[in-house]
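Trainee: Got a predicted structure plus its sequence, pasted below:
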Amino acid sequence: YGVSRGPQPRLPISDAPGPAYRRGARRLGYHAAVREGNAQPGPAGAAAAAVVLASGAGIRVGADRNKVYLPLGGRSVVTWSLRTLARVPGIGVLVLVIRPQDGELAGQVLAAEFAGRDVEVVHGGALRQESELMALRRLGPRIAAGKIDVVLIHDAARPLVTPELAAAVLAAARQAGGAVPGVATGSLTLASEDGTAAEADLGTMMAMQTPQGFAAAPLLAAYERAGAEGFAGTDTAACVTRYSGIQVRCIPGDDRNMKITYPHDLVVAAKLAAADG
């Protein structure tokens, strides 16, 4: 049998930190705990870094430019994530990874929509894995010096991420070494070659979101090993689990933390953003 729609990346669900995420669980439980002050602080003098990936082509959205520079609720898609992550306590460094050909446009957007804030701009590679490695190498000296203890990796195409979700990922990563937000998907349908359909019982499948957060030094080491071996994972967690001993924790994600892939996604995101006021 073949699967009619590809399953999302699957990680073991843990009961720590925070409550286990199961179908029907309250998604905001762990986020509330973070707001109440239960998040673990970083080592003295260390801050987290947030990397926003904007180096993809985004051709499926059908626009005349990279989708992250399209307008959404009065500003560009990419600056939604930057503004949100800049508000998260504990994040001291922002890195934006762009395509080289988007350099002028990125500069204009940052000057107009994110003026007065420090953003380190890094040119990405042909693959997501290469772009992440380039960002981590930019942070490398500060990671080695103990100035950056955790790195959050976020897709610019998820503009509606909330400060609460990012803070929850940061807290969980500091406690466990690695954390990803996930939401339960619906059941899968298996389709045979002759067209016969059958329900797939694969347990609770989790659709992974971003930001994904990891201890900085093991993360950089994992990506250097992956680069040397030519490995390219589906997301950051795939590389970390392959090349490090980090036990990645899955925490409650957010249904509104959608990814913009197709033209109608921009319409949905605009309505959600307007509803938030």
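Mentor: Yep, it's here. Numbers count the residues shown, from 1 in each chain.
Trainee: Which residue comes closest to Gly245 once chain neighbours are left out?
Mentor: Using C-beta to C-beta, 6 or more residues apart in numbering and skipping the chain neighbours, the partner closest in space to Gly245 is Pro218 (7.6 Å). Yep, even glycine has a C-beta here, placed from its N, CA and C like the rest.
Trainee: And the pLDDT at that neighbour?
Mentor: What the model reports as pLDDT for Pro218 is 97.
Trainee: And Glu164, how close does it get to Ile148?
Mentor: As defined by C-beta to C-beta, to the nearest Å, Glu164 lies at a distance of 22 Å from Ile148.
Trainee: can you check Ala179 too?
Mentor: Computed with C-beta to C-beta, the distance linking Ala179 and Ile148 is 16 Å.
Trainee: and the two? which has more neighbours close in?
Mentor: Higher neighbour count among Ala179 and Ile148: Ala179, with 29 against 23, using other C-beta atoms under 10 Å.
Trainee: and stretch 120-137, which residues are buried?
Mentor: Within stretch 120-137, the residues scored as buried using 16 or more other C-beta atoms under 10 Å are 121-122, 124-125, 128-136.
Trainee: Alpha carbons of it, in CSV - could you do that?
Mentor: These are the backbone C-alpha positions of stretch 120-137, laid out as CSV (Å, rounded to 0.1, in the frame of the first residue of the first chain):
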residue,chain,number,x,y,z
GLU,A,120,22.4,39.9,11.4
VAL,A,121,21.8,39.0,7.7
VAL,A,122,23.4,35.8,6.4
HIS,A,123,23.3,34.4,2.8
GLY,A,124,21.8,31.0,2.7
GLY,A,125,22.6,28.0,0.5
ALA,A,126,20.7,25.9,-2.1
LEU,A,127,19.2,23.6,0.6
ARG,A,128,17.6,24.4,3.9
GLN,A,129,20.3,22.3,5.6
GLU,A,130,23.0,24.5,4.1
SER,A,131,21.2,27.7,5.1
GLU,A,132,21.0,26.5,8.7
LEU,A,133,24.7,25.6,8.8
MET,A,134,25.7,29.0,7.4
ALA,A,135,23.7,30.7,10.2
LEU,A,136,25.1,28.5,12.9
ARG,A,137,28.7,29.1,11.6
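Trainee: just checking, what packs against the helix or strand containing Ala50?
Mentor: Secondary structure assigned from DSSP states H and E places Ala50 in strand 47-54. Using 3 or more C-beta pairs under 8 Å, 6 or more residues apart in numbering; DSSP states H and E as the contact definition, the elements that strand 47-54 packs against are helix 77-86, strand 91-98, helix 128-144, strand 148-155.
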